[in-house]
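Q: Pasting the sequence and the predicted coordinates here, then a few questions.
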Amino acid sequence: MQSNTEVIDLRSDTVTKPDAPMLEAMCSAPLGDDVFGDDPTVTRLEELAAESLGKEAAIFVPSGTMGNSIAVGTHCSPGDEVIFESLCHTYNFECAGAARLWGVQAVSIAGDRGVIPIDAIAAAIRPEDVHMARTKLVILEQTSNIAGGCILPLDYLEAVSSLCRERGLRLHIDGARIFNASIASGVEVSSFAACADTVMFCLSKGLGTPAGSVLAGTAETIAEARRLRKLLGGGLRQAGVLAACGIYALGHNIERLGEDHRRAAELAVKLKELNLEGLRVSSPDTNMVFLGWDGEDSDRYAEFSSRLRSDGLLVVGLPGRGIRIVFHKDADDDAAVRAAGILSRNLMDLFS
């Protein structure tokens, strides 16, 4: 239980700390050298991850960004083209890695809640022409972070998957928060994953580990992914100390994601009940609440987040998007109530 003097950190679900059982799992993990392929704890994590996603194989990587980058590298050659949803993490927040590392051209298409219309994807696929790039890959994010933690529906992903197979494209799902989508929708994570050729998910977000992600796909794709992981400097040695946290998280921290979703929904209701004219409060699908309002000051969200920080609440102000509030395992009911009080007080002052 947090004390009333502690700062409440709702910037992201990446801010969590390992709890005592996770630390114990880390300390007691059998270790080897994963680059040589003989760390038994990493091997076990990869087996569990592949099984949960319904894929042939999986590989542990240090970060979600590396996992997404490796997926691009396995599916594309220099000069190929990738279709991105315009708000997705891989397009906006991974340092243009597709271009810098793999020589791949990006096409971004605006979506609604992370969903690109099927006909817009179809229209963006290049014809076979000596003058043009080859369209090779579509990347979607589940859940769509900047869209508000929105869930991409299963029937939509199935439709995109069918189009990609029809047109000879690959589909990669950046599933950083795919387990949030599964818990909130009741759809098995393997059903979402079945739509894609490769899927990445983060262990270090809602699942609460200190680091690490997993990329899954066919055995052939993951064999190539091991080579690219080495190329990018992601081959860790006694990586079982991190993989053990992932094994613990897959066994203990998935179902509890529903608590984060409940707290986000309760906060959204409380803030809507303020009835502040001009304040937009999202209706969360999962663990995120977004706040927005119109204004000429482009720094208004950064300034409001600084104001909240001085009052004991950490959030993220996203220019042009709003205030992002993210619930996670280290923010309990008491923290949620206190956060609601801080937000209510500052919003009423702002809108008075």
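A: In hand now; what should we look at?

Q: did I read that right, Ile325 in a strand?
A: Yes: counting by DSSP: H, G, I helix; E, B strand; the rest coil, Ile325 is found in a strand.

Q: if I pick it, what's in contact with it?
A: When the contact criterion is C-beta atoms under 8 Å, 6 or more residues apart in numbering, the partners of Ile325 are 10, 264, 267, 288-291, 315, 339, 343. The C-beta positions use only the backbone N, C-alpha and C, and glycine is treated the same way.

Q: Compare these and tell me which has the most neighbours.
A: The residue in these with the most neighbours, by other C-beta atoms under 10 Å, is Leu10 (30 neighbours).

Q: Distance check, the closest residue to it other than its chain neighbours against Ile8.
A: For Leu10, ignoring the flanking residues on the chain, the nearest one in space by C-beta to C-beta, 6 or more residues apart in numbering is Ile325 at 4.9 Å. The spacing between Ile325 and Ile8, counted by C-beta to C-beta, to the nearest Å, is 10 Å.

Q: Could you do Ala96 as well?
A: As defined by C-beta to C-beta, Ala96 lies at a distance of 34 Å from Ile8.

Q: those strands in this structure, which residues are they?
A: 8-9, 57-61, 80-85, 105-109, 134-141, 170-174, 198-202, 213-217, 280-281, 288-292, 313-314, 316-318, 322-326 (DSSP state E).

Q: can you tell which of the ones you listed is closest to Leu347?
A: Taking C-beta to C-beta as the criterion, Leu347 comes closest to strand 288-292 out of the strands of the chain, the separation being 7.7 Å.

Q: okay, the angle between that closest one and strand 322-326?
A: Taking axes from the mean of the first three to the mean of the last three C-alpha atoms, to 10 degrees, one finds that strand 288-292 is oriented at 160 degrees with respect to strand 322-326.

Q: residues in contact with strand 288-292?
A: The set of residues that contact strand 288-292 without belonging to it, under C-beta under 8 Å, 6+ apart, is 145, 148-149, 264, 267-268, 271, 279-282, 301, 321-327, 343, 347.

Q: hang on, the earlier thing: could you export the contacts of Ile325 to TSV, including columns for distance to Glu220 and pLDDT?
A: Formatted as TSV, those follow (distance: C-beta to C-beta, whole Å; pLDDT from 0 to 100):
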residue	distance to Glu220	pLDDT
Leu10	41	98
Ala264	39	98
Leu267	45	98
Met288	36	98
Val289	41	98
Phe290	40	98
Leu291	45	98
Val315	43	98
Ala339	47	98
Leu343	49	98
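
Q: Which single one of these is nearest to Leu203?
A: Leu203 lies nearest to Met288 out of the contacts of Ile325, by C-beta to C-beta, at 18.6 Å.

Q: Kindly provide the distance from the closest one to Ser144.
A: Per C-beta to C-beta, Met288 is found 10 Å from Ser144.

Q: same deal with Leu137?
A: As it turns out, when the distance is counted by C-beta to C-beta, Leu137 lies 18 Å from Ser144.

Q: Same check on Phe304?
A: Separation of Phe304 from Ser144 (C-beta to C-beta): 23 Å.

Q: got it, and Leu203?
A: Distance, Leu203 to Ser144, using C-beta to C-beta: 20 Å.

Q: what about the protein, any weak spots by pLDDT?
A: 1-5 (pLDDT under 70).

Q: Mind jotting down where the helices sit in the stretch 251-352 of the chain?
A: 257-272, 300-310, 333-350 (DSSP state H, counting those that start in this stretch).

Q: Let me know which of the ones you listed is the nearest to Ala49.
A: Go through the helices of the stretch 251-352 of the chain one by one with C-beta to C-beta and the one that ends up closest to Ala49 is helix 257-272, at 16.5 Å.

Q: Just the buried residues of that closest one, please?
A: Of the residues in helix 257-272, those scored as buried under the neighbour-count criterion (16 or more other C-beta atoms under 10 Å) are 257, 259-261, 263-268, 270-271.

Q: Give me the packing partners of that helix, helices and strands only.
A: helix 178-185, strand 280-281, strand 288-292, helix 333-350 (3 or more C-beta pairs under 8 Å, 6 or more residues apart in numbering; DSSP states H and E).
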